[in-house]
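> Show me how the following folds:
(chains A and B, ligands or ions: 2)
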Amino acid sequence: MKLHVKTTINGEEFEFLCEPRESLLEVLRDRLGLTGSKEGCNNGNCGACNVILDGRLVNSCLVFAAEAAGRAITTIEGIQGPEGLHPLQEKFLEHAALQCGICTPGFIVAAKALLDRNPDPSEAEVRLWLAGNLCRCTGYDKIVRAVLEAAKSTAVVMEK
Amino acid sequence: MPNWPSERQLMGTKVPRVDGFKKVSGGAKYSYDINLPGLLYAMILRSPYAHCKIVSIDLGPAESMPGVKAVHLIKKPGDELHYAGDEIAAVAAMTEEVAEDALRAIKVKYQVLPHVSSEDQALKAGAPAARAGSADERGEKIEDAIKEAAAVHEGTYGCEVITHVCLETHGLVARWEGEELTAWASTQAVHGTGTALAQHFKIPKATCITNFMGGGFGSKFGPDIQGIVAAELAKKAGAPVKLLLNRAEEHNAAGNRPSAFAKVKAAVDKTGKLIAFDAETWGTGGHSRGAGFPLPYVYPVDNRRRKHTDCFINAGDNRAMRAPGHPQGSLVMDSLMDDLCHKFDPKLDPVEFRLRNLPSTVLRDIYTKELLLGAARIGWKENWHPRGDNAPGPWKRGLGVALGTWGGGPGDAQATCTLHGDGRVEVKCGTQDLGTGTTTVVPLVAAEILGLQIGDIAGSIGSSAFPPAGGSGGSTSCGGVSVAVAMACTKALAELFAKVAPKLECKPEDLQAEYGRVFVTGNLERGFTWKQACAVLGQQPITASADKKEGEKGMATSTVGGAQFADVSVDVETGRVRLNKIVAVADCGLVVNRLTCESQVLGGVIMGINYGLYEQRRLDPPTGLPVNPDMEFYLLAGAGDIPEIDVVLLDYPERGVIGIGEPPTIPTAAAISNAVANAIGVRVPVIPLTPRRVLEALEGKA
Ligand code: FES
Ligand code: FES
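Ligands and ions are numbered 1, 2, ... in the order given. So this is what the prediction gives:
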């Protein structure tokens, strides 16, 4: 049996067919070609598959694709604005907050969800929020710095 | 003799990754992201027992399942399976779900055999699995030296098995077009993997492509079983096949760092110099591989003896892991040094004790500098106290230090540099980027030599179609690749100079390329812009090839030393260790890219923190099955567990380029262990330093 699902991804309408047991991550990657979301563990422990679902940060490997019906999803491919990279992406580049980069989409999506609800987080808040994301090349130091800097620069933009 | 330019514009500066844009925007395509038309998904059936024999196997039900396109037998009836996770058979199907169902449908009868799941079991008399390893004895006076020593210390130290946990698991996507095989593999060696696949299938050539990869840490040098199997399935099915391991398979079957245990007796003379060393060591590297590690380590001792035993157990085999053997050697040796120093004179500063015991090699000066520099950065003078913090309250603070060493040196590499008539520059090298930053090293070095900007260079790596380069292991890529690229660019430039010189009425050797211009040395005006200069080539581009051997002397070096310091607080009521700060002084020679070099050191240190405090592969003794092949119960540090890390890059440009992937991960765990001993007054002998182990040490049970 296949399910027919209509959803919004990065502001665009999408329709797809999937099996009931398929995860959102699988559908994004294998059916819709959105391979920016990564699979590190497939059981909710690494955060590489993070997406934002109706404003909430989720592990897409733990969400059934069918649950996406009628909802709005933001993936790493949708973080960038029409004017170019999001400040988070810029700061990740500038601060070398990425090595192999396979954890990077998950960290950026998680950080975006944080800044959306708390534009001026403390260092401790950033570290706590990112506890669900693992980086084996272990760029944590620079990642935390990049998120804090991005928060600062978005604050400046908002003041202007 | 070829050498680096004495005044460098780009090398040693901070250069953001040239492929960073793709990585932050989700556009970077890793092997796992390669989706080809008609792609099939493959999975492997694995042994459910720690040790068993296959009695019979029936693939039929899987073969006849709708959606299954190929089935491949890896082991046959009668074969022994050596660990839970050992490969049996594989299937390729239209979806992952169907592949999973097909695995369940395969009927296997097993004969369960007795298993061994720990070093202790393997060492017990009568256990078939233990094997005596090597023995090494030098100097004749061990017993005499111990008798006459000013202090003797005996201790047991150890480290557990850990796994690589690459965030991108092992595997590849295989596609056949007639007799031609292409593999998009997560590998540290595109050439090695391509060659191994070609040999297996007896075909002239297989192309291996790795544009992006999610970490390897020593575990990804060839196609492995799963790579060969994927290519076999693709051949049978007549369609491309993707086979990447899942997280549990990655833990169980894709390599690990062996455990290491040591019972050591060592002595110092009245000047505090090491004079005797007697060790029995053992460890496990899985069911068929050893668990060797260097010991004594860093600190030389003339009279020494060592007996080592490899314990074979029913677990996956080890693979090289970030500085193979060295973190173990460092943990044992530097813990011992601290304990010995304390025994010799509880008030003696362990930094001073180490200074007295440094090797008389090129590293003596480097270690001395590093120890003094690092001690100043961690606040050693102000905060070091003899063992045991007497401060009131449960939190005890302590400082620790440890040293590491590594070989490295320039690895095999060839490169080509092509200069086009329109000014374009292409540089190709068949190396790969594991996340270390090699993709950026190539254009950075080329731009330095050609006097251009990084954006002017089209660098290409990550394919076995490019000039051969060795696997990225042993911290040898940066040295080898940068020298090969520099030599290829130097040669191409010389050819360009020969063509440009007549137009400027000068000799080619009078020319220089810098600031985006080609000009007569000393007269920037008497010359051309790079584009104008290249225009002399017309439709005839220059391509120069070079091998790193043409320039390596002095341009890249081996034999490195590093020092790290840890500042910790330990809660003696709960046994929890909290890190306050780590200082890592890294011997970097000529830094190529300061930004990624720092990242490598940070990453190495954090991996060392994981090793010292969290990671441990656990097997269940009664069943021999892995207990934590995941990211939940296999503990790894997150952003909140990391203290301030002060990275000091010890620039030594005259030493040439030094690979930095491995050295910084070596001494971290030992420095932490020493800091904990300094804080609580007793040694916690085995890492990871879990709360339980800390409490046991405090109670005198360890
Ligand atoms: S892949 Fe979803 S949390 Fe790891
Ligand atoms: S950059 Fe490799 S896992 Fe984070």
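> I'd assumed residue B:635 was in contact with residue B:165.
No - taking contacts as C-beta atoms under 8 Å, residue B:165 lies outside contact range of residue B:635: 10.6 Å. To be clear about C-beta, it is placed using only N, CA and C from the backbone, and glycine gets the same treatment.
> Which of the two has more residues huddled nearby?
Neighbour comparison, residue B:165 and residue B:635: the larger count goes to residue B:165, with 26 against 16 (by other C-beta atoms under 10 Å in any protein chain shown).
> which residues sit in contact with the more buried one?
A:136, B:250, B:251, B:631, B:634, B:636 (C-beta atoms under 8 Å, 6 or more residues apart in numbering or on different chains).
> Return the subset of these lying in helices.
Judged by DSSP state H, the contacts of residue B:165 include B:250, B:251 as members of helices.
> low pLDDT regions in chain A?
Across chain A, residues meeting the criterion (pLDDT under 70) sit at A:156-160.
> at 50 instead, please
A:160 (pLDDT under 50).
> and the residue of chain B nearest ligand 2?
Relative to ligand 2, the nearest point of chain B is residue B:167 (3.9 Å; C-beta to the nearest ligand atom).
> Let me know the secondary structure of that residue.
Using DSSP: H, G, I helix; E, B strand; the rest coil, the secondary structure recorded for residue B:167 is coil.
> May I ask you to confirm that it is in contact with residue A:48?
Yes - when contacts are counted by C-beta under 8 Å, residue B:167 is listed as touching residue A:48 (6.4 Å).
> shared neighbours of the two, which are they?
In contact with both residue B:167 and residue A:48: A:38, A:40, A:102, A:103, A:134, using C-beta under 8 Å, 6+ apart.
> in the stretch 51-200 of chain B, which spans are strands?
Here the stretch 51-200 of chain B has its strands, by DSSP state E, counting those that start in this stretch, at B:52-58, B:68-73, B:80-81, B:87-93, B:107-112, B:130-138, B:151-159, B:162-163, B:171-177, B:180-185.
> Could you dump those into CSV with distance to ligand 2 and mean neighbour count added?
CSV is the format used below for the strands of the stretch 51-200 of chain B (distance: least, C-beta to the nearest ligand atom, whole Å; neighbours: other C-beta atoms under 10 Å in any protein chain shown):
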stretch, distance to ligand 2, mean neighbour count
strand B:52-58, 35, 16
strand B:68-73, 31, 21
strand B:80-81, 31, 19
strand B:87-93, 26, 26
strand B:107-112, 35, 14
strand B:130-138, 34, 13
strand B:151-159, 23, 20
strand B:162-163, 15, 24
strand B:171-177, 16, 24
strand B:180-185, 17, 24
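> ok, and the closest non-adjacent residue to the residue nearest the centre of chain A?
Note on chain A: the residue nearest the mean C-alpha position is residue A:109, at 2.4 Å, using C-alpha atoms, centre = their mean. Nearest residue to residue A:109 in three dimensions, chain neighbours excluded: residue A:50, at 4.2 Å (C-beta to C-beta, 6 or more residues apart in numbering or on different chains).
> For the one you found, give its distance to ligand 2.
Using C-beta to the nearest ligand atom, to the nearest Å, one gets 13 Å for the distance from residue A:50 to ligand 2.
> That residue reaches residue A:133, doesn't it?
Yes - using C-beta under 8 Å, residue A:50 is in contact with residue A:133, at 7.2 Å.
> Domain map for chain B?
B:20-28+B:410-457+B:466-555, B:34-113+B:170-244, B:320-408+B:557-701 (automatic domain parsing).
> Need the ones you listed in JSON lines (columns: distance to ligand 1 and mean pLDDT).
Below are these laid out as JSON lines (distance: least, C-beta to the nearest ligand atom, whole Å; pLDDT from 0 to 100):
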{"stretch": "domain B:20-28+B:410-457+B:466-555", "distance to ligand 1": "15", "mean pLDDT": "96"}
{"stretch": "domain B:34-113+B:170-244", "distance to ligand 1": "12", "mean pLDDT": "97"}
{"stretch": "domain B:320-408+B:557-701", "distance to ligand 1": "7", "mean pLDDT": "97"}
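> Is it possible to get a markdown table of those domains that adds distance to residue A:26?
What follows is the domains of chain B, written out as a markdown table (distance: least, C-beta to C-beta, whole Å):
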| stretch | distance to residue A:26 |
| --- | --- |
| domain B:20-28+B:410-457+B:466-555 | 16 |
| domain B:34-113+B:170-244 | 7 |
| domain B:320-408+B:557-701 | 19 |
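> wait, which of those is closest to residue B:302?
Closest approach to residue B:302 among the domains of chain B (C-beta to C-beta): domain B:320-408+B:557-701, 12.0 Å.
> do the closest one and chain A meet at all?
Yes - judged by C-beta under 8 Å from any C-beta of the partner chain, domain B:320-408+B:557-701 and chain A are in contact via B:595-596, B:598-600, B:602-603, B:606-607, B:610, B:630-632, B:636-640, B:642, B:645.
> measure that domain end to end?
33 Å (C-alpha to C-alpha, to the nearest Å).
> Stretch B:135-153 now?
21 Å.
> chain center to that stretch, what's the gap?
35 Å (C-alpha atoms, centre = their mean, to the nearest Å).
> Show me what it is in contact with.
Outside stretch B:135-153, the residues touching it (C-beta under 8 Å, 6+ apart) are B:265-270, B:272, B:275-278, B:302-308, B:336, B:339-340, B:343-345.
> just to revisit the earlier point, select only the buried ones of the residues of domain B:320-408+B:557-701 next to chain A in PyMOL?
Of the residues of domain B:320-408+B:557-701 next to chain A, the buried ones go into a single PyMOL selection, burial set by 16 or more other C-beta atoms under 10 Å in any protein chain shown:
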select buried, chain B and resi 595+596+598+599+600+602+603+606+607+610+630+631+636+637+638+639+642+645
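> From the residues of domain B:320-408+B:557-701 next to chain A, which land in helices?
B:595, B:596, B:598, B:599, B:600, B:602, B:603, B:606, B:607, B:610.
> Tell me the buried residues in stretch B:205-215?
So, applying 16+ other C-beta under 10 Å, buried residues of stretch B:205-215: B:206, B:207, B:208, B:209, B:210, B:211, B:212, B:213, B:214, B:215.
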